[in-house]
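>>> model this:
(one chain, ligands or ions: 2)
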Amino acid sequence: MATQRTFSIIKPDATERNLTGAINAVIEKAGLRIIGQRRIKMTREQAERFYGVHKERPFFGELVDFMTSGPVVVQVLEGENAVKAHRDVMGATNPEEAADGTIRKLYAKSIGENSVHGSDSEENADLEIRQFFSEAEIVG
Ligand code: ATP
Ligand code: MG
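Ligands and ions are numbered 1, 2, ... in the order given. As a prediction, the model looks like this:
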């Protein structure tokens, strides 16, 4: 197993309910280290670029509206097989399908307002980290 980095977002539905610390506790309990973290309000440009892969999907406009509706916390996580470890602890996209103990099972409101994002591959993790962080902001 290799040490990896992945990119995480605590989404507006979670920051609005003051769940940043609760979600960080689940992330850390899963063995991941938060080695970069910043609270921001995403611009439409940032959200459209970030979710560009979904731009033809019917929910794209709603997704961009949601991601720019309030503060988000962008994070770099590090750990053994971090991409998969983080996806596992996030749970399924739809909270009704998420396993017990996962962040989405515990906290997500709906398939759209699902509290967290996590990169789905090492390649995307690298691109996403570089969209939001400079190397100097990541301290492992
Ligand atoms: P994320 O990329 O945010 O980590 P994911 O990889 O589990 O989530 P994707 O299929 O990449 O899921 O969808 C990206 C995001 O788009 C979802 O997290 C959710 O917020 C939103 N989304 C996905 N499917 C729907 C849907 N059917 N209706 C509304 N929003 C959706
Ligand atoms: Mg995704």
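>>> So which bits of this protein are right by ligand 1?
In this structure, the chain approaches ligand 1 at residues His54, Phe59, Glu62, Leu63, Thr93, Ile111, Gly112, Asn114, His117, Gly118, Asp120, judged by C-beta under 6 Å from any ligand atom. In this view, the C-beta of every residue, glycine as well, is placed from N, C-alpha and C.
>>> Same list (these) but as a markdown table, adding secondary structure.
Supplementary listing: the residues of the chain next to ligand 1 in a markdown table, determined by DSSP: H, G, I helix; E, B strand; the rest coil:
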| residue | secondary structure |
| --- | --- |
| His54 | helix |
| Phe59 | coil |
| Glu62 | helix |
| Leu63 | helix |
| Thr93 | coil |
| Ile111 | coil |
| Gly112 | coil |
| Asn114 | coil |
| His117 | strand |
| Gly118 | strand |
| Asp120 | coil |
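>>> Scan those and report the most crowded one.
Gly118 (25 neighbours; other C-beta atoms under 10 Å).
>>> give the contact list for it.
For Gly118, the contact set (C-beta atoms under 8 Å, 6 or more residues apart in numbering) comprises Thr6, Phe7, Ser8, Val83, His86, Arg87, Met90.
>>> ok, which stretches of this structure are helices?
For the chain, the helices identified by DSSP state H occupy 12-16, 20-29, 44-50, 60-67, 82-90, 103-107, 122-132, in order along the chain.
>>> I'd like those as JSON lines, with mean pLDDT appended.
Putting those into JSON lines (pLDDT from 0 to 100) gives the following:
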{"stretch": "helix 12-16", "mean pLDDT": "99"}
{"stretch": "helix 20-29", "mean pLDDT": "98"}
{"stretch": "helix 44-50", "mean pLDDT": "98"}
{"stretch": "helix 60-67", "mean pLDDT": "98"}
{"stretch": "helix 82-90", "mean pLDDT": "98"}
{"stretch": "helix 103-107", "mean pLDDT": "98"}
{"stretch": "helix 122-132", "mean pLDDT": "98"}
